[in-house]
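*Asks:* structure of the sequence below:
(4 chains)
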Protein chains: 2
Amino acid sequence: MTEPLPSDVAITAWARLVRQGQRVLALVEGDLKAAGFPPLAWYDALLELRRVGDKGLRPYRLQREMLLAQYNMSRLLDRLVRAGHVERLPSAEDGRGTLMRISASGRELLDRMWPVYRAAIDRHFASRLSETEAATLSRLLARLGDG
Amino acid sequence: MTEPLPSDVAITAWARLVRQGQRVLALVEGDLKAAGFPPLAWYDALLELRRVGDKGLRPYRLQREMLLAQYNMSRLLDRLVRAGHVERLPSAEDGRGTLMRISASGRELLDRMWPVYRAAIDRHFASRLSETEAATLSRLLARLGDG
DNA sequence: CGTAGATTGATGCATGTGCATCTATATCTG
DNA sequence: CAGATATAGATGCACATGCATCAATCTACG
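*Replies:* Here you go, the predicted structure:
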């Protein structure tokens, strides 16, 4: 019989990661919602689509990037298209696929959301850590995996 | 005009907290589900109910403990009751409320889930950090707030 | 070339969540 | 004590998510 593998210290760290992660995320999302903005997933998707520019991005790439299930991405894109922030173009090279491209309205939404998002990150997260602490936290989180 | 407040380091730390938190949590939940177990929220609620013992716990206390919205706790408890893991008793002192108490079946579920949960924590989280790193991570996460 | 299997993306259906609201009881104020 | 307000908990309805599956196309292999 092997010993219980994660130590108490590790288990506490795990509990805090989940708990604080969810707690702080909920606070930040709450600030965005209170300002009348859509969920963070919209921001993340649009950010990535802006990053790749006018050549656009295939849904399956985006979904891999964002760790989202395929059907969730399909529907998130539906909503973004319906809201006018993204255009869905037939893919030239692959008859199955589509190419998603951010619209002017999408870029504008990113610009409007960022100040609120930035302030929320500061308020609920960054302001509680020194620069050194943030760097250490960042490094440790990076060690958790390939994400 | 004040400077953009969170530094780049802090913003990266934020992004990793959210991303790795969700990623690792999904892996752990995936292991539980693959073993035929219910979601972690069930485990957390039952754990707390076991901790307080036979005197039971009021839903609003549990919901505060678990950072869950009121209606979500109400429905989570519905499911736990329907599954036979929890009993709902009328509260003696407060005519509005109820008292939730874990059942034998609930205790048994906790016992069956823990080995799988523990192994998943180890596999996806703890095994990637030294003891010192886990302690540091834990301390930094604790600084994030009152949770 | 032609078929088998893999991949992209969508969707019907059941379940879960958010929001608003409701009921019932408790507490506070005069 | 009466009435106003606050709190515990449930629930109808809209929307989001998970699961399974499907259609269409691509790729690989004979």
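*Asks:* closest point of chain A to DNA strand D, which residue?
*Replies:* With Cβ to the nearest atom of the strand, the shortest gap between chain A and DNA strand D falls at residue A:95, namely 2.7 Å. Just so you know, the C-beta spots here come from the backbone N, C-alpha and C atoms, and that holds for glycine as well.
*Asks:* you'd agree that residue is in a strand?
*Replies:* No. The assignment for residue A:95 by DSSP: H, G, I helix; E, B strand; the rest coil gives coil, which leaves it out of any strand.
*Asks:* that one: neighbour count?
*Replies:* Neighbour count of residue A:95, defined by other Cβ atoms under 10 Å in any protein chain shown: 7.
*Asks:* quick one, what contacts the closest residue in space to residue A:85 that isn't next to it in sequence?
*Replies:* In space, and not counting its chain neighbours, residue A:85 is closest to residue A:106: 3.5 Å by Cβ to Cβ, 6 or more residues apart in numbering or on different chains. For residue A:106, the contact set (Cβ atoms under 8 Å, 6 or more residues apart in numbering or on different chains) comprises A:46, A:49, A:50, A:80, A:84, A:85, A:86.
*Asks:* tell me the secondary structure at residue A:106.
*Replies:* helix.
*Asks:* now do the phi/psi pair for the residue of chain A closest to DNA strand D.
*Replies:* phi -60, psi -20 (degrees, to the nearest 10).
*Asks:* per-residue confidence at it?
*Replies:* Residue A:95 carries a pLDDT value of 90.
*Asks:* list the buried ones in stretch A:140-147?
*Replies:* Of the residues in stretch A:140-147, A:140, A:141, A:144 count as buried by neighbour count, 16 or more other Cβ atoms under 10 Å in any protein chain shown.
*Asks:* is stretch A:51-58 positioned near DNA strand C?
*Replies:* Yes. Judged by Cβ under 7 Å from any atom of the strand, stretch A:51-58 comes into contact with DNA strand C through residue A:58.
*Asks:* report the buried residues of that stretch.
*Replies:* So for stretch A:51-58, counting by 16+ other Cβ under 10 Å, buried means A:56, A:57, A:58.
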